[in-house]
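Peer 1: the amino acid sequence is not available; the structure is as follows:
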């Protein structure tokens, strides 16, 4: 299996009131090209998709646009994202019905069901190039 692990994208970050949107767009373009060129089976993002718990509409659009482009170009790519300390768990979890339909797993915070940790939501199968589960 070929896994690509990233973290700390910090979409929406500004530097001395200067937008870094162009840098983020270049990174996401590079990431998509790399995922394809390296025949990556799973993209793992370990926190801090956004720079703040209340990201701008532009930052959210960049995230959603990336997911849509990745799904179109790499339909078998497993995408797994966990929230970080800069992210809002609820904001990351909100589009779960859409992401689940796209085969994208996002866990914004520790999921609970009936007061207990929802372990099933934390177990994510990762598939190899032939579609077989190669890791959890």
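Peer 2: Sure thing, it's come through. All values reported here derive from a predicted model rather than from experimental measurement.
Peer 1: what's the local residue count around residue 105?
Peer 2: 21 (other CB atoms under 10 Å). C-beta here means a position set from N, CA and C on the backbone, and glycine is covered the same way.
Peer 1: what helix or strand is it on?
Peer 2: Using DSSP states H and E, residue 105 sits in strand 104-107.
Peer 1: ranking helices and strands of the protein by mean pLDDT, which lands last?
Peer 2: When each helix and strand of the chain is scored by mean pLDDT, DSSP states H and E, strand 112-113 comes last, with a mean of 78.
Peer 1: what residues does the residue found closest to residue 86 once you drop the neighbours it is linked to in the chain make contact with?
Peer 2: Nearest non-adjacent residue to residue 86, counting by CB to CB, 6 or more residues apart in numbering: residue 48, 4.5 Å away. For residue 48, the contact set (CB atoms under 8 Å, 6 or more residues apart in numbering) comprises 7-10, 84-87.
Peer 1: one more: residue 74?
Peer 2: 32, 35-36, 40.
Peer 1: over to residue 127?
Peer 2: 41-42, 76, 78, 133-134.
Peer 1: over to residue 3?
Peer 2: 40-44, 126, 135.
Peer 1: what about residue 38, distance to residue 31?
Peer 2: Separation of residue 38 from residue 31 (CB to CB, to the nearest Å) stands at 11 Å.
Peer 1: tell me the SS of the residue most central in space within the chain?
Peer 2: The centroid of the chain falls nearest to residue 81 when counting by CA atoms, centre = their mean (4.1 Å). With DSSP: H, G, I helix; E, B strand; the rest coil as the basis, residue 81 sits in strand.
Peer 1: number the residues from 54 up from this point.
Peer 2: Sure thing, new numbering starts at 54, so read that last one as residue 134.
Peer 1: name whatever forms a beta bridge with it.
Peer 2: residue 98, residue 159 (DSSP bridges).
Peer 1: against which helices or strands is the strand holding residue 158 packed?
Peer 2: Packing partners of strand 157-160 (3 or more CB pairs under 8 Å, 6 or more residues apart in numbering; DSSP states H and E): strand 131-135, helix 142-146, helix 149-155.
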